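Enquirer: Below is the sequence, then the predicted model.
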Amino acid sequence: MRILLYVPDNHVTRNFVPQLWPFLLRQRTPSGHDVSIIDGNVDRLSIPELVGWVQDHRIDLVGMGFMTRMARKAYDAAIAIRTQTGVPVVFGGPHVTSLPDEALGRTGLPRSADAVVLGEADETWAEVVEDAARGSLKEVYGPDGHGVKPTLEGYAPIDWESLDLSRFDLMRFVPDPVRRLFRKLRIPYDKGYVVPVETSRGCPYGCEFCTVTGFFGRKIRSRSNDSVIAELLALKRIAARTRALVSVFFIDDNFAIQRERLKSLLVEMIRQDACLPWIAQISVNLLDDEELVDLIARSGGRFIFMGLESVDHESLRATHKGFNKPEEYARTLDRLSRHNVHAVTSFIVGLDGDRPGGGARVASEVATWPPVLPVFGLLTPYPATPLYERLEKQGRLLRPKHWLDVVAFKGTFQFSHMSVDEAEGEVRAAWRECYRPRSFARTQRWLVANGKAFDVQAMFLVARLLFRGIYFPQPNAWSWIRLIGANSPTIAHLVLRRLLRRASAQPVVVPSKVDPVDIFQGREPDE
Ligand code: B12
Ligand code: SF4
């Protein structure tokens, strides 16, 4: 059979990190079948284009996996494929696991999938493919409707070396003049990839809004260190072969949830020279450990994504996240920053303790910390979460099927101390305050005053421009020019300092092969 694994886009943001599931399932497809992958977040095909692709490539089976906010696109695309080509469509992933009946046409919506796979499909996918090849797909895969929880002990490394990653090359978005500037600044990369790698699944914390504990379970399952190291070494080979800056996104829900296991992995990475710059998600409470932070830094850890959610105890308690202690945030961020590890701090607006003025309050707290990349979202009740169930019982859901009509940053339920308009306004206020030109300038001043290298300064500047662009989309070149103009003093400061330093240094030959970790190492090549 010819199989297409398709990731529907979310209409709103693009993301250029490949989704892991299609690569994982491709590897678990029994031999004798051809698997193609289209990630709609990168190749944003319209539905007619997708149907045309399925016909042109004579596809026999389509698999789609999606989060809640992509469900509408998935349903519409699947209906078009099924009715116009007759090719069967199988759904999997967190949304369909929560609401299988919706896709099977049992809730009043037209049927969109021939079959749904509940939970983790590592072990059920081969059966699905074989059933499809025989023309006898079942409607539902997964025991008792609860899904399978595979052990990750025998997890084979994803064979990234045999895959074409060019669609995910981030450097292709860099305009030529900027590339030339990169060369002048001796940034030695032709390509840039962020590759997802998982080492464990599960999280015991059970925050009220999160689907992870329900979907992956409280019990942590992990891969062997050897399997992870083999994958990292293969990525290092890709980096060296293609002059690419390959960064790894460890997509584990809570990378440090088993601290000793993580430490042993990081020690092995260092020992076996399997370090690449990496990003991971770690709860802030788990970073109160100097040894761990030191290992994170030495193994290539550069950014930690942490769900701080709020700076208010009441709001944190309301969402079952009382283990976050706002009074400890600054100390932890400072510890990270001393090791040249930085944080993407995620906040949720609209928690039950939140009140008008909260957006500005968070922004003023953030301004007192070492620089971070703050992101803000409006609390959204995802199906099958304790939050969804509570709000439903309390009669507070304003759009109970909000995924059928996703509007970014739009309220979907009645907040406890704010109107919907007020809550939406607080999100806007938080973004605006944290991404004002003066906040860019403050970040740059702090980095210089604290002796952070050019690479770190540049990384912050670029990341802050991109993050700002996600919330305040820059629809055309002119709006980017205005944004860059507004921040031109900061940009000029950064570039001039670099050029002046270079002018005063001896000429250095650009190395043909550079360890990708170097660029983020916190030291400058000419120092
Ligand atoms: C990495 C990640 C991201 C990355 C995505 C980049 C990337 N390339 O992966 C980033 C940081 C950008 C991101 C953003 C968001 N994310 Co996210 N993210 C994750 C995370 C941590 C890992 C995803 C992953 O790869 N998991 C490992 C793979 C193996 O698991 P899987 O994808 O579930 O696949 C398995 C099964 O589901 C199934 N399966 C999946 N698809 C298919 C398809 C078929 C055909 C079959 C048979 C089986 C199958 O089999 C797979 C193997 O067992 C998950 C949490 C988690 N642990 O999954 C959240 C998660 C997916 N994200 C979530 C959310 C809410 C978001 C955001 C909306 C947050 C926000 N408010 O902005 C955004 C939306 C981004 C967007 N593009 O629209 C939710 C989704 C909940 C839901 N019901 O929709 C999750 C589950 C976390 C949570 N807190 O609940 N995310
Ligand atoms: S700590 Fe993170 S992954 Fe775990 S339940 Fe809370 S939000 Fe979800």
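Expert: Thanks, I have it. Numbering: from 1, shown residues only. Ligands and ions are numbered 1, 2, ... in the order given.

Enquirer: contacting residues for the residue in the stretch 251-400 of the chain that ligand 2 sits nearest to?
Expert: In the stretch 251-400 of the chain, the residue that lies nearest ligand 2 is Asp253 (3.8 Å; CB to the nearest ligand atom). Where you see a C-beta, it was placed from the backbone N, CA and C, and this is true even at glycine. Asp253 makes contacts with Arg201, Gly202, Cys203, Val212, Phe216, Gln281, as judged by CB atoms under 8 Å, 6 or more residues apart in numbering.

Enquirer: swap in Trp125?
Expert: Trp125 neighbours (CB under 8 Å, 6+ apart): Leu25, Arg28, Thr29, Val117.

Enquirer: on that earlier part again, identify, from the contacts of Asp253, the entry nearest to Leu398.
Expert: Using CB to CB, Val212 comes nearest to Leu398 of the contacts of Asp253, at 24.9 Å.

Enquirer: Please verify my assumption that that closest one contacts Cys203.
Expert: Yes. Val212 is within contact range of Cys203, at 5.0 Å (criterion: CB atoms under 8 Å).

Enquirer: if you count what's nearby, which of those two comes out ahead?
Expert: Per other CB atoms under 10 Å, whichever of Val212 and Cys203 has more neighbours is Cys203, with 22 against 18.

Enquirer: follow-up on the earlier one: so which of the contacts of Asp253 belong to strands?
Expert: Members of these lying in strands (criterion: DSSP state E): Arg201, Gln281.

Enquirer: Any chance of TSV for the contacts of Asp253, columns pLDDT?
Expert: As requested, the contacts of Asp253 are exported to TSV (pLDDT from 0 to 100):
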residue	pLDDT
Arg201	95
Gly202	93
Cys203	93
Val212	92
Phe216	91
Gln281	97
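
Enquirer: restrict the contacts of Asp253 to contacts with ligand 1.
Expert: When CB under 6 Å from any ligand atom is applied, the members of the contacts of Asp253 adjacent to ligand 1 are Val212, Phe216.

Enquirer: any idea which of the contacts of Asp253 is closest to Gly142?
Expert: Proximity of the contacts of Asp253 to Gly142, judged by CB to CB, is greatest for Phe216, which lies at 13.8 Å.

Enquirer: Would you mind listing what in the protein touches ligand 2?
Expert: Within the chain, the positions adjacent to ligand 2 are Cys203, Tyr205, Gly206, Cys207, Cys210, Val212, Thr213, Asp253, Asn254, Ser283, Gly307 by CB under 6 Å from any ligand atom.

Enquirer: Okay, and which of the residues you listed map to helices?
Expert: Per DSSP state H, helices hold the following members of these: Val212, Thr213.

Enquirer: Can you name the residues that contact Asp273?
Expert: For Asp273, the contacting residues are Lys236, by CB under 8 Å, 6+ apart.

Enquirer: Just the closest residue of the stretch 151-300 of the chain to ligand 1, please.
Expert: Thr211 (3.5 Å).

Enquirer: Surely that residue and Pro381 touch.
Expert: No. The pair Thr211 / Pro381 is not scored as a contact, 10.5 Å apart, by CB under 8 Å.

Enquirer: Burial check on the closest residue to ligand 1 within the stretch 401-527 of the chain, number of neighbours?
Expert: Minimum separation of the stretch 401-527 of the chain from ligand 1 (CB to the nearest ligand atom) falls at Trp403, amounting to 7.9 Å. For Trp403, the count of nearby residues is 23 (other CB under 10 Å).

Enquirer: ditto for the one 5 residues further on
Expert: Residues lying near Ala408 (other CB under 10 Å) number 14.

Enquirer: go on, the one 3 residues further on?
Expert: Burial of Gly411 is recorded as 23 neighbouring residues (other CB under 10 Å).

Enquirer: And the one 4 residues further on, by the same measure?
Expert: Taking other CB under 10 Å as the neighbour definition, Phe415 ends up with a count of 22.

Enquirer: what's the pLDDT at it?
Expert: Note on Phe415: pLDDT of 97.

Enquirer: which element is it on?
Expert: Using DSSP states H and E, Phe415 maps to neither a helix nor a strand.

Enquirer: for it, what are its contacts?
Expert: Phe415 makes contacts with Gly350, Asp352, Asp354, Leu379, Glu422, Ala423, as judged by CB under 8 Å, 6+ apart.

Enquirer: Now pLDDT, neighbour count and secondary structure too, for the residues you listed, in JSON lines please.
Expert: Output for the contacts of Phe415, formatted as JSON lines (pLDDT from 0 to 100; neighbours: other CB atoms under 10 Å; DSSP: H, G, I helix; E, B strand; the rest coil):
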{"residue": "Gly350", "pLDDT": "97", "neighbour count": "25", "secondary structure": "coil"}
{"residue": "Asp352", "pLDDT": "96", "neighbour count": "17", "secondary structure": "coil"}
{"residue": "Asp354", "pLDDT": "95", "neighbour count": "26", "secondary structure": "coil"}
{"residue": "Leu379", "pLDDT": "97", "neighbour count": "23", "secondary structure": "coil"}
{"residue": "Glu422", "pLDDT": "97", "neighbour count": "19", "secondary structure": "helix"}
{"residue": "Ala423", "pLDDT": "97", "neighbour count": "26", "secondary structure": "helix"}
